[in-house]
Every structure is written in C-alpha cells, then in structure tokens.
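Engineer: please find the sequence and the predicted model below.
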Amino acid sequence: MPTPSTLDRRGISASPWVLMIAATAITVVLLGATALAHRSSRAGDWPGYDDMMAGLSASPWARWRWIAGDLSEVTFYKHEWASAGLLLGAAVGHLASRGGHRWQGFSICYGSGLWPWVVSSSLLGMLLSHALWGWSLGTGTWQPTFVAAVSLPAAMVLLFGRGWKIAVNGAVLGAVLVTPSCLLLVNYVCTPLQLPAVVGNVLGMALGSAAAFFLCRRIPWLVSPPAPQRKLPVPSAPVVTQRYGITWTVRRVLADFSEAPFFGNEWASIGLLAGVLLAYALNPLAPAYGSGLLLPLIAGQALASLVGVILWRRQWMSHGWHPTYVPLVSVVPAAVLTHGGGMAVVISSAVLGALIAPPLARALSSRLPNHVHPYLGNVLSMAVSTLLVVPSLGLVFRG
C-alpha cells in the first residue's frame, strides 16, 4: 500500500521495465551463486536435506547450510538459497522504499524504515542462538534453532525503534529466552505427544517474548526510549484511494509469504520463492525437510492467503493490516507435512486455516498490553489453530 513517504516523489510513473530488471537481478544472482557453489561441490548433485543432517556433527559445510537455512525455515522451506533469495528480495524492497518508488509494493517492515535494524537484530539473535544452543544438533535430530531469527529481536526493534542498544538486547533476549523455550517445548512436549513441532515453536516464541517484554518494562534501561513507539503495524493513510481489487489481492497474497519475518513485501517474497524453487530444481529432496512436498506446500500456502485475503477483505480495508499470513506458516505446512500433499489435504487445511487463524490472531493481539508487540497474538493463534485443524484432518484422512 503506497503511503506519503513511499510514493515516488518525482511523480514519475513506475515502468514495468523496472520490475523486470529487479526480478531478473534477483534471479541472476541466485543462479550465479548456485552455479559457482555447485561447480565447486564434489558431489554430483546438490546435497539433499538428509545429506545435511548426516553431516551436521562433522561437516562445516553441512552446519553452514543448516544455519543459512534457518532464515527461510519460518515458511518451512529450510534451504540456503531460499534464505539468500529472501534477503536479496528484501534488499530490493528496502531500497525501493527509501527511494520512494511506486513499484516498491507494500512498504517493507510496515513503512517503518527499520528493515536494516530488523535484519541486523534477527541475524545476531540467530547466530547467538547457535553459539549457545548449537550443541543440541549433535543429537542428529531436527531442532528449532531458527526461532530467534523470526520473533523477539525483530519485534523489539519494531516496537521500541532503531539503535544498537535495542537491536543487541533484542538479539540477546531472543537467544537466551526464546530459543530454549522452543527447545524444551518441542523436545519434551511436542515430540512425546506426537504434536506438530510448529506448536512448540510458536508457543516458545510467545513464552520467551512475553518474558522479555516483562523484563523491558521492569528494567527500562534495556530499551531506549522505554515507551513503545507503535502498537499495530498500520501504514499511514495513502495519498490516493486504495483499490482492493484483483491486483491488490494478488500482491497481498504474494507479500504474505514474507510476513512472518516481519517484511511483508512482494520483492522479499519473490526472492524467497525464486530461491526455494531453484533449490527444488537442483534437488527436490533438499527443501521442505527433504519431503518432496514443496509444490503442494506452496500451493496450500498461497490458497490459504488468498482465501483469507478475500474473506477478511473488510478487515484489511478497516484496519490497514490483517494477519492473513498466519495459516501460511502454521496450519497448512503442518497439515501437508503430516498428512501428505494430496489435494484434499491442501484445500481443507488452507480453507480451515484461513477461516480460523486470522480472526483469532486479531482478537488475541487486540487484547495485549501496550508494552507487548501484537505478534504474540499471531503466534498464539498459530498454536491454537494448528492444534484444532491438523489432528482433525488426521481423523478424516486417516480414519
């Protein structure tokens, strides 16, 4: 949604050639980097997910792939090229936003201008998590090391503003509070009870973040200024009347793919999808945990967002933002990876997720105190809606 600060200040209409050049640049960089890495690889094919897991303890290359894949794990892609595409696309979106170009799409990070700080804090939180909890990967099983990259650090920057103090403290609190909460819930609750791991991930994010925001309120030194700067990610009023038509709907669905890391921008999503599809072309058993279900996964995610955007359009019009991305990173991936990529599973999980998750997230977020970022309501909705939908689908498709 263009805003006064994001419209092209020169009044020049955006050219479709600009869009083509930006998209081509992302694709070329990804292809070139992949070709160079693939050429230097001793393996005949790009290694798959199982190859990475088998080498985590002994191979620095496998460990690097795991760490790099953490950036795209929130969408269940878990691949280094998906992560690279996400960052490259987001950089395009940020530069377009700074330049005030019409073709920027939805202004990245809700028009806050804080994308560099969001990325810096998130990356630092992820690296600190690996430094503190990377030993957990020695078990040879999957562990939620990615959670600090898509939770508290970014939320603290968006809530309290720019600056190294907030960015670093957010990263430290994310590594110290969020990651261990997720590790405990996944390994000692979800695994024994055979619940989807995403439930432990998002509940751990909520618990760790709630503790962090409590500390920030009791110890104002941790944030500067101590008073929250924004409550909900609502953009400024547009200069021109927003038309919520077909074009806006397609753009919104695309932007939802990069909403979970707090980007919410079409270029970030284009880079993410270009990277993961390239990874799939190199080896179908590399992304999406080697399941081979990437294509039905993406189809279900897009359908969930589309149904949600259409169904809750009036909420978008009234509030300027609505959490239609929630089932895209929770209900649908959990259902597809648990019950398979059949059409019935994809459609039912997408529709049910779109019906339940966004309004629940809105209701929960609106009831949080001002010193807590509303993303907590979103992750709680992810947990509840996943627990409602995924086991129910199991009764239908396995009963």
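Structural biologist: Cool, got the structure.

Engineer: where does the prediction get shaky in this protein?
Structural biologist: 1-44, 225-241, 399 (pLDDT under 70).

Engineer: 90 - rerun?
Structural biologist: 1-46, 57-59, 98-103, 138-140, 220, 223-244, 370, 396-399 (pLDDT under 90).

Engineer: dead centre of it: give me the residue that sits there.
Structural biologist: By Cα atoms, centre = their mean, the chain has its centre lying nearest to A260, at 2.9 Å.

Engineer: which SS class is that one?
Structural biologist: coil (DSSP: H, G, I helix; E, B strand; the rest coil).

Engineer: my guess is it contacts E73. True?
Structural biologist: No: counting by Cβ atoms under 8 Å, A260 sits too far from E73 to count as a contact (9.9 Å). (Each C-beta comes from the backbone N, C-alpha and C, glycine too.)

Engineer: any idea how far I310 lies from G100?
Structural biologist: Distance of I310 to G100, computed by Cβ to Cβ, to the nearest Å: 30 Å.

Engineer: show me which of those two is the more surrounded one.
Structural biologist: G100 (17 against 14; other Cβ atoms under 10 Å).

Engineer: contact partners for the closest residue to T324 other than its chain neighbours?
Structural biologist: Nearest non-adjacent residue to T324, counting by Cβ to Cβ, 6 or more residues apart in numbering: G308, 3.6 Å away. Listed by Cβ atoms under 8 Å, 6 or more residues apart in numbering, the contact partners of G308 are H322, T324, P327, G353, A354, A357, P358.

Engineer: format those residues as CSV; extra columns: distance to P144 and neighbour count.
Structural biologist: Putting those into CSV (distance: Cβ to Cβ, whole Å; neighbours: other Cβ atoms under 10 Å) gives the following:
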residue, distance to P144, neighbour count
H322, 27, 21
T324, 24, 30
P327, 19, 36
G353, 21, 33
A354, 25, 27
A357, 20, 30
P358, 24, 27
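
Engineer: can you say which two of those residues are spatially most distant?
Structural biologist: Farthest apart among the contacts of G308 by Cβ to Cβ are H322 and G353. That separation is 14.1 Å.

Engineer: re earlier: and the residue nearest to the centre of the chain, how far from M382?
Structural biologist: Distance from A260 to M382, by Cβ to Cβ: 9 Å.

Engineer: can you list residues touching both of these two?
Structural biologist: With Cβ under 8 Å, 6+ apart, A260 and M382 have common neighbours V329.

Engineer: so what's V326 closest to, chain neighbours aside?
Structural biologist: Excluding the flanking residues, the one nearest V326 by Cβ to Cβ, 6+ apart is A357, at 4.1 Å.

Engineer: which element is the one you found on?
Structural biologist: Here A357, judged by DSSP states H and E, is contained in helix 343-365.

Engineer: show me the contacts for I298.
Structural biologist: Counted by Cβ under 8 Å, 6+ apart, I298 has contacts L273, V276.

Engineer: from L360, how far out is the residue nearest to T324?
Structural biologist: Distance, G308 to L360, by Cβ to Cβ: 12 Å.

Engineer: swap in L393?
Structural biologist: 18 Å.

Engineer: kindly report the same for G200.
Structural biologist: The value you get for G200 to L360, if Cβ to Cβ is used, is 19 Å.

Engineer: so these two - more neighbours on which side?
Structural biologist: Neighbour count, other Cβ under 10 Å: between G200 and L360, G200 has more, with 25 against 20.

Engineer: now do the SS call for the more buried one.
Structural biologist: Reduced to three states by three-state DSSP, G200 is helix.
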